[in-house]
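[1] no sequence for this one, just the structure:
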């Protein structure tokens, strides 16, 4: 049992913690136009510390022309 700021929290079992970690998992597969035949896989998981979640994640590929693309990832804190 953990005590934090006058609250008592019971630790999760391993199975419950794994289930919690998988609630908001996502897999995205993309094939950028500049890399024909190559697939890029991005796996993410988010475990919210409060509800509703104030943070956000963005990721993807941008075609910048000339047969080239850029990959981007961004994590945005809801308090910033």
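    Sure thing, it's come through. None of these values were measured; they are calculated from a predicted model. Numbers count the residues shown, from 1 in each chain.
[2] Got the confidence number for residue 27?
    Looking at residue 27, its pLDDT stands at 90.
[3] List the residues that contact residue 30.
    39-40, 42, 60-61 (C-beta atoms under 8 Å, 6 or more residues apart in numbering). For glycine as for every other residue, the C-beta is placed from the backbone atoms N, C-alpha and C.
[4] Let's see that with 7 Å instead.
    40, 60-61 (C-beta atoms under 7 Å, 6 or more residues apart in numbering).
[5] all strands of the protein, in order?
    Ranges of strands in the chain, per DSSP state E, are 2-4, 7-9, 26-30, 40-44, 56-65, 68-76.
[6] Can you say which of those is nearest to residue 20?
    Ranking the strands of the chain by their distance to residue 20 (criterion: C-beta to C-beta) puts strand 7-9 first, at 13.2 Å.
[7] Quick one: mean pLDDT for that closest one?
    For strand 7-9, mean pLDDT is 70.
[8] and it, how far from the chain's centre?
    Relative to the chain's own centre, strand 7-9 is displaced by 27 Å; criterion: C-alpha atoms, centre = their mean, to the nearest Å.
[9] Same question for stretch 22-31.
    On C-alpha atoms, centre = their mean, the centre of stretch 22-31 falls 8 Å from the chain's centre.
[10] Can you get me the start-to-end distance on it?
    25 Å (C-alpha to C-alpha, to the nearest Å).
[11] which stretches of this protein have low pLDDT?
    For the chain, applying pLDDT under 70 flags the ranges 1-6, 32-36, 79-80.
[12] hmm, back to that, and the contacts of residue 30 as JSON lines, adding distance to residue 47 and neighbour count?
    Below are those laid out as JSON lines (distance: C-beta to C-beta, whole Å; neighbours: other C-beta atoms under 10 Å):
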{"residue": "40", "distance to residue 47": "24", "neighbour count": "15"}
{"residue": "60", "distance to residue 47": "22", "neighbour count": "15"}
{"residue": "61", "distance to residue 47": "26", "neighbour count": "18"}
